[in-house]
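Trainee: What would the 3D arrangement of this be:
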Amino acid sequence: MTKPAAGVLAAAVAAALPVLAFAAEKPRARDLGVPFEGTPGAVNAITDVKGVEVGHSTIVKGEGKLVVGQGPVRTGVTAVLPRGKSLADPVFAGWFSLNGNGEMTGTTWLEESGFLEGPVMITNTHSVGVVRDAVIAWRVKNGPPDASGYWWSLPVVAETYDGWLNDVNGFHVKAENAFEALSSATSGRVAEGNVGGGTGMVCHEFKGGIGTSSRVLEAKEGGYTVGVLVQCNYGLRSQLRIAGVPVGLEIPKPVDPKDDESGSIIIVVATDAPLLPHQMKRLARRAALGIGRTGSVAGNGSGDIFIAFSTANTGAWDPKGTRSLTMLPNDRMGPLFTATVQATEESVVNALVAAETMVGIDGHKVEALPHDRLREVLRKYNRLLR
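Mentor: Predicted structure coming up:
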């Protein structure tokens, strides 16, 4: 057998690296034995809803003392695309604010029209503007004008605050980071933890960030899929509950516990169930019950803002003639509510499990949730699956 040339072998190894990286990726909450209700989809992610894609742009630079404009930088952008790169077919959507100390742009038109016309972008508090403008530029370049022939857009861009770890006033997120998140968006498995908009986030005083999960309904319930993605940056250590267990009390913070809940969480809910805009708002509200399971009380300083969309009813946006729509009756929405609550809860725990300890500005350090201690606590309360 002829041996391949060194260059050919190197190229083959390089090509295999993405596959190897996935094979060696760190465990998720279920892998640690955390019990959850419901049946997840193929990759247990928002991308289990057919057509949905997710992309990230992660910025980690520098260390040491904060010098505004120079770093250290621990931030990024996350993009959720309801129909992938296709921009010609907006989706029915609704949104809900559990506590409004935060921002999600584009929601007044979403409320008025009932449509989400582009991606959902998530970043840090002081980068909403640049990401919003970048999405407009991306849409102009990659999609057609609207039916009237005009180029205009009111993008949906949401935020949580990463100023404990990141030089948030240095404005390090640029248009090219939004472009990277959009262009890199794919279906399949979704990177979690310290990635994209979640790079510098803190959740229940552990390292937080991006998390995702999904649920598939039984055939008798329609067989629909619900997927959730969170950027979690909220909560006190003492509040944290996982699988009903007071994990935060069992793993107390050794120094300087916070007195008041602050931070925020952005939640994106996707489904292929045929729901109309008022029903999407109903679904978005149920995400609140999911974070309630993990211990959130939606404190005064927290921005808890949720958006939900349906990939069903393709072509509903077409302005010509009349549209024939399919709607699931309200009386059949119960299983979708349950799926949303379950997937939201698991998404938060997946974010905590995936996140890694991070040191940011001025040496601020946020520890990751320790996997071994989590398993010990769950075992103590007879909640560990294995």
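Trainee: low-confidence ranges in the stretch 151-300 of the chain?
Mentor: The model of the stretch 151-300 of the chain has pLDDT under 70 over residues 256-259.
Trainee: right, I mislabeled it, should have said the stretch 1-150 of the chain
Mentor: 1-24, 146-150.
Trainee: tell me the strands in it, going along the chain?
Mentor: 53-61, 73-85, 91-100, 115-116, 120-124 (DSSP state E, counting those that start in this stretch).
Trainee: Parallel or antiparallel, which strands does the shortest one pair with?
Mentor: Okay, so that is strand 115-116. Here strand 115-116 is paired, per DSSP bridges, with strand 91-100 (antiparallel).
Trainee: and the strand it pairs with, C-alpha only, in CSV?
Mentor: This file holds the C-alpha atoms of strand 91-100, laid out as CSV (Å, rounded to 0.1, in the frame of the first residue of the first chain):
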residue,chain,number,x,y,z
VAL,A,91,-42.2,33.8,10.1
PHE,A,92,-45.1,34.3,12.5
ALA,A,93,-43.8,35.4,15.9
GLY,A,94,-44.6,36.9,19.3
TRP,A,95,-42.6,38.3,22.2
PHE,A,96,-42.9,38.8,25.9
SER,A,97,-41.1,40.8,28.6
LEU,A,98,-41.2,39.2,32.1
ASN,A,99,-39.0,42.0,33.4
GLY,A,100,-38.0,44.9,31.2
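Trainee: how about it: buried residues?
Mentor: 91, 92, 93, 94, 95, 96, 97, 98, 99 (16 or more other C-beta atoms under 10 Å). For the C-beta atoms, the positions are set from N, CA and C on the backbone; glycine is no exception.
Trainee: how distant is that strand from the center of its chain?
Mentor: From the chain centre to the centre of strand 91-100 is a distance of 14 Å (C-alpha atoms, centre = their mean, to the nearest Å).
Trainee: Identify the residue nearest residue 228 in space, chain neighbours excluded?
Mentor: If the residues on either side of it in the chain are set aside, residue 228 comes closest to residue 343, at 4.0 Å by C-beta to C-beta, 6 or more residues apart in numbering.
Trainee: now the helix or strand that neighbour falls within, how far from the chain's geometric center?
Mentor: Secondary structure assignment for residue 343, by DSSP states H and E: helix 334-354. Taking C-alpha atoms, centre = their mean, the mean C-alpha location of helix 334-354 is offset from the chain mean by 11 Å.
Trainee: got it, and stretch 282-297?
Mentor: 14 Å.
Trainee: With adjacent residues omitted, what lies nearest to residue 184?
Mentor: Setting aside the residues directly before and after it, residue 184 is nearest to residue 55 in space (C-beta to C-beta, 6+ apart), at 4.0 Å.
Trainee: got the buried residues for stretch 161-173?
Mentor: 161, 162, 163, 164, 165, 166, 167, 168, 170, 172, 173.
Trainee: As JSON lines, those with secondary structure and distance to residue 298 would be great.
Mentor: Conversion of the buried residues of stretch 161-173 to JSON lines gives the following (DSSP: H, G, I helix; E, B strand; the rest coil; distance: C-beta to C-beta, whole Å):
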{"residue": "161", "secondary structure": "coil", "distance to residue 298": "15"}
{"residue": "162", "secondary structure": "coil", "distance to residue 298": "19"}
{"residue": "163", "secondary structure": "coil", "distance to residue 298": "20"}
{"residue": "164", "secondary structure": "coil", "distance to residue 298": "20"}
{"residue": "165", "secondary structure": "coil", "distance to residue 298": "23"}
{"residue": "166", "secondary structure": "coil", "distance to residue 298": "24"}
{"residue": "167", "secondary structure": "coil", "distance to residue 298": "28"}
{"residue": "168", "secondary structure": "helix", "distance to residue 298": "22"}
{"residue": "170", "secondary structure": "helix", "distance to residue 298": "29"}
{"residue": "172", "secondary structure": "coil", "distance to residue 298": "29"}
{"residue": "173", "secondary structure": "coil", "distance to residue 298": "26"}
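Trainee: what about stretch 37-48, start to end distance?
Mentor: In stretch 37-48, first residue to last residue: 17 Å (C-alpha to C-alpha, to the nearest Å).
Trainee: Report the buried residues of it.
Mentor: Residues 38, 40, 41, 43, 44, 45, 46, 47, 48 are the ones in stretch 37-48 that count as buried (16+ other C-beta under 10 Å).
Trainee: From residue 86, how far out is the first one?
Mentor: The span separating residue 38 from residue 86 equals 29 Å under the rule C-beta to C-beta, to the nearest Å.
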